[in-house]
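>>> Here is my input, please return the structure:
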Amino acid sequence: MRIGTRGSPLALAQAHQVRDLLAARHDVPPADIEILIIRTSGDMIQDRALSESGGKGLFTKEIDQAQIEGRIDIAVHSSKDLPTLLPAALALGGFLPREDVRDAFISSKAQSLMDLPQGARIGTASLRRAAQLRRLRPDVQIVLLRGNVQTRLRKIAEGEADATLLALAGLKRLGMAHEATQILPLGDFLPAVGQGAIGVTIRANDSQSAARLAAICDEDTGLALETERAFLRVLDGSCRTPIAGFASMEAGEVHFRGLILRKDGSEVFETSITASPADAGQAGERAGHELLARAPADIFA
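Have a look, this model is predicted:
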């Protein structure tokens with residue numbers, strides 16, 4: 001089996017996690033599963049926000065093409081980077097058990113987001129994070145900060161911004177959770193759809209890879225992501241709109257909360273829904289349609 005991945009340290013850590021789980025579950029040497037690094041457009045564009053460059057597909061299209069052409073068998077992605085609509089030749093093979101979905105605040109200037117001085121500069125390339133930051137701290141300045149985890153941490157250390165936000169899951173997978181100054185509570189700061197989940201894609205007709213992945217993928221995470229991705233799909237979610245959503249399985253039910261924000265954080269439209277596992281996707285769609293009906297059209301501009 002050949003695994004395709006981006007080349008960042010986090011992407012490679014995730015690909016190795018998938019490889020090691022597959023090797024252990026199917027009793028083969030890890031070296032028999034090849035990892036191929038594929039550079040994506042999103043990796044090459046570092047001077048502007050993704051919302052100005054084409055959105056989420058920038059992190060997947062070259063990997064998708066390699067998969068369609070048969071150069072790789074499966075592809076490992078951070079699920080929040082996966083477009084809601086995959087190419088027709090590809091399908092979701094499943095998701096690994098989900099890591100902590102929360103965002104981490106990182107700063108040497110303050111112990112928490114609310115402790116930052118007035119007018120502090122917070123570096124991020126995420127419209128979702130920027131909008132929620134402005135909602136909580138309308139005084140802060142948002143500055144563009146791109147790059148992998150290590151690059152962004154270095155830029156903060158060098159003073160390019162006073163603070164930044166990173167996914168706690170990524171820090172944990174890199175053994176760098178100690179870099180977090182504060183873990184932002186879900187009640188105040190909702191994650192991106194798919195945050196914390198490693199997703200694996202396959203070719204749509206590849207039953208062998210599907211069967212192999214079934215042994216390592218997590219059903220509850222799959223149901224949560226089905227709900228979240230359906231919500232995002234209805235809203236036509238991309239990197240151009242601040243949208244957040246999180247679903248979890250509790251006591252045999254899917255619990256979902258989602259929201260849309262204005263880019264300046266001045267307005268937020270929120271919904272929550274509980275559904276049976278069989279209704280996961282439809283529940284996400286209903287939540288999306290509810291917010292479409294309530295939010296003004298220009299919020300998506």
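>>> C-alpha only now, for contacts and for neighbours.
Will do.
>>> Low-confidence stretches in this protein?
Confidence mapping of the chain against pLDDT under 70 gives the ranges 42-57, 237-239.
>>> measure the most centrally placed residue in it to Leu165 for me?
Taking CA atoms, centre = their mean as the criterion, Lys80 is the residue nearest the geometric centre of the chain, at 2.3 Å. To Leu165, Lys80 is 15 Å away according to CA to CA, to the nearest Å.
>>> got it, and Asp100?
Asp100 is 14 Å from Leu165, by CA to CA.
>>> Looking at those two, which is more packed in?
Leu165 (27 against 13; other CA atoms under 10 Å).
>>> isn't there a strand covering the more buried one?
Yes: according to DSSP: H, G, I helix; E, B strand; the rest coil, Leu165 belongs to a strand.
>>> Give the burial count for the residue nearest to it when sequence neighbours are not counted, as a bare number.
Leaving out its chain neighbours, the residue that sits closest to Leu165 by CA to CA, 6 or more residues apart in numbering is Phe105, at 4.7 Å. Neighbouring residues of Phe105 were enumerated by other CA under 10 Å; the total is 22.
>>> now swap in the one 5 residues further on and tell me
Around Ala110 there are 16 other residues, counting by other CA under 10 Å.
>>> OK, contacts around it?
116-117 (CA atoms under 8 Å, 6 or more residues apart in numbering).
>>> same thing but 10 Å
116-117, 162-163, 181-182 (CA atoms under 10 Å, 6 or more residues apart in numbering).
>>> Strands along the stretch 1-150 of the chain, start to end?
Per DSSP state E, counting those that start in this stretch, the stretch 1-150 of the chain has strands spanning 2-5, 34-37, 74-78, 90-95, 103-107, 121-123, 141-143. These are given in chain order.
>>> In JSON lines: these, plus distance to Arg129.
Shown next, in JSON lines, are the strands of the stretch 1-150 of the chain (distance: least, CA to CA, whole Å):
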{"stretch": "strand 2-5", "distance to Arg129": "25"}
{"stretch": "strand 34-37", "distance to Arg129": "28"}
{"stretch": "strand 74-78", "distance to Arg129": "17"}
{"stretch": "strand 90-95", "distance to Arg129": "24"}
{"stretch": "strand 103-107", "distance to Arg129": "9"}
{"stretch": "strand 121-123", "distance to Arg129": "10"}
{"stretch": "strand 141-143", "distance to Arg129": "10"}
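>>> quick one, domains of this structure?
Taking automatic domain parsing as the reference, the chain has its domains at 1-96+197-217, 103-183, 218-301.
>>> Which of those sits closest to Pro191?
domain 218-301 (5.6 Å; CA to CA).
>>> now the closest one, how far from the chain's geometric center?
14 Å (CA atoms, centre = their mean, to the nearest Å).
>>> and that domain, how far apart are its ends?
Across domain 218-301, first to last residue, CA to CA, it's 36 Å.
>>> And stretch 270-284, by the same measure?
13 Å.
>>> buried stuff in it?
270, 274-275, 277, 279-284 (16 or more other CA atoms under 10 Å).
>>> Quick check, Gly284 in contact with Ser276.
No: Gly284 is beyond contact range of Ser276, at 11.5 Å (criterion: CA atoms under 10 Å).
>>> Show me the common contact partners of the two, please.
In contact with both Gly284 and Ser276: Val254, using CA under 10 Å, 6+ apart.
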